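Novice: the sequence and its predicted three-dimensional model are supplied below.
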Amino acid sequence: MILLIAIDFRGDIDYLRDQIGTRFHSKVDVSINGLDPKPFLNPDRNQFNSTSIIQRLEKDAPSTASKVLAVTSLDLYIPILTFVFGEARLNGQCAVVSSYRLDNRSYGLPDNPSLLQERLLKESIHELGHTFGLIHCQNPDCVMKSSTYVEEIDFKSSRFCLACMDSCATALSRLK
Ligand SMILES: [Zn+2]
Ligand SMILES: [Zn+2]
């Protein structure tokens, strides 16, 4: 089972649940507001530390969940970067993803809910891919291609390339 934990998330969690369940051939459970983000706020930056969130998730994650993905609309950072779209423990159990920097409105552009949803799905699959041991891929269409800017997310697909799909299927089969 993959557990989705919504933390101050204002998007459509049911869409994510359905898509992730299909892509990873897994049962997906949803926990709404399953974690208080306040301890992870850096008041100087007005952002939330994604590494600390992952550490907390790892402490609290139920053993019944093979993977845990926290989904939030809060702005995430790691100390060496201005922001992150998400973060994952490579080959681990937990990951976090944020819609904040995926939202056109964060760039002064008109709201585009379907584009936002598609970007969030890509980054959710990308971070979950890391938890299945996948590293960044050079294939321009592959969802495991790394993205620094939101435009780069739009260039790639939400799919794994064949090589990444293969690695992910192997990792999934080890869970069952
Ligand atoms: Zn990545
Ligand atoms: Zn790939």
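Specialist: Cool, got the structure. Ligands and ions are numbered 1, 2, ... in the order given.
Novice: who in this structure is up against ligand 2?
Specialist: Residues of the chain lying near ligand 2 by CB under 5 Å from the ion: 137, 139, 142, 144, 161, 164. Heads up, the C-betas are built off the backbone N, CA and C, glycines and all.
Novice: out of those residues, which end up buried?
Specialist: Buried members of the residues of the chain next to ligand 2, scored by 16 or more other CB atoms under 10 Å, are 137, 142, 144, 161, 164.
Novice: just put these in TSV and tack on secondary structure.
Specialist: Formatted as TSV, those follow (DSSP: H, G, I helix; E, B strand; the rest coil):
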residue	secondary structure
137	coil
142	coil
144	coil
161	coil
164	helix
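Novice: just flag the most distant two among the residues you listed.
Specialist: Maximum pairwise distance in those, criterion CB to CB, is 7.5 Å, between 144 and 161.
Novice: hey, what's in contact with both of these two?
Specialist: residue 137 (CB atoms under 8 Å, 6 or more residues apart in numbering).
Novice: residues in contact with the lowest-mean-pLDDT helix or strand in the chain?
Specialist: Ranked by mean pLDDT, DSSP states H and E, the helix or strand of the chain with the weakest confidence is helix 162-175, at a mean of 93. Helix 162-175 has contacts (CB under 8 Å, 6+ apart) with 24-26, 66, 129, 132-134, 137, 139, 142-144, 159-160.
Novice: what residues sit buried inside it?
Specialist: Applying 16+ other CB under 10 Å to helix 162-175 flags 164-165, 167-168, 171 as buried.
Novice: nearest to ligand 2, out of these: which one, please.
Specialist: residue 164 (3.3 Å; CB to the ion).
Novice: what's the longest helix in the protein?
Specialist: helix 113-131 (DSSP state H).
Novice: tell me the helix or strand right after that one.
Specialist: Using DSSP states H and E, the helix or strand that follows helix 113-131 towards the C-terminus is helix 150-155.
Novice: for stretch 18-29, buried residues please.
Specialist: In stretch 18-29, counting by 16+ other CB under 10 Å, buried: 19-21, 23-24, 26, 28-29.
Novice: same question for stretch 45-60.
Specialist: Using 16+ other CB under 10 Å as the burial criterion, the residues of stretch 45-60 that qualify are 47-54, 56-57.
Novice: those residues in strands, which ones?
Specialist: Using DSSP state E, the subset of the buried residues of stretch 45-60 located in strands is 47-49.
Novice: follow-up on the earlier one: send the alpha carbons of the longest helix of the chain over as CSV?
Specialist: The C-alpha coordinates for helix 113-131 follow below in CSV (Å, rounded to 0.1, in the frame of the first residue of the first chain):
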residue,chain,number,x,y,z
PRO,A,113,-5.7,24.0,-12.6
SER,A,114,-5.3,21.2,-15.2
LEU,A,115,-1.6,22.2,-15.9
LEU,A,116,-1.0,22.3,-12.1
GLN,A,117,-2.5,18.9,-11.6
GLU,A,118,-0.4,17.4,-14.4
ARG,A,119,2.8,19.0,-13.0
LEU,A,120,2.0,17.7,-9.5
LEU,A,121,1.4,14.2,-10.9
LYS,A,122,4.7,14.2,-12.7
GLU,A,123,6.6,15.3,-9.6
SER,A,124,4.7,12.9,-7.4
ILE,A,125,5.7,10.0,-9.7
HIS,A,126,9.2,11.3,-9.9
GLU,A,127,9.7,11.4,-6.1
LEU,A,128,8.1,8.0,-5.7
GLY,A,129,10.5,6.8,-8.4
HIS,A,130,13.4,7.8,-6.2
THR,A,131,11.9,5.8,-3.3
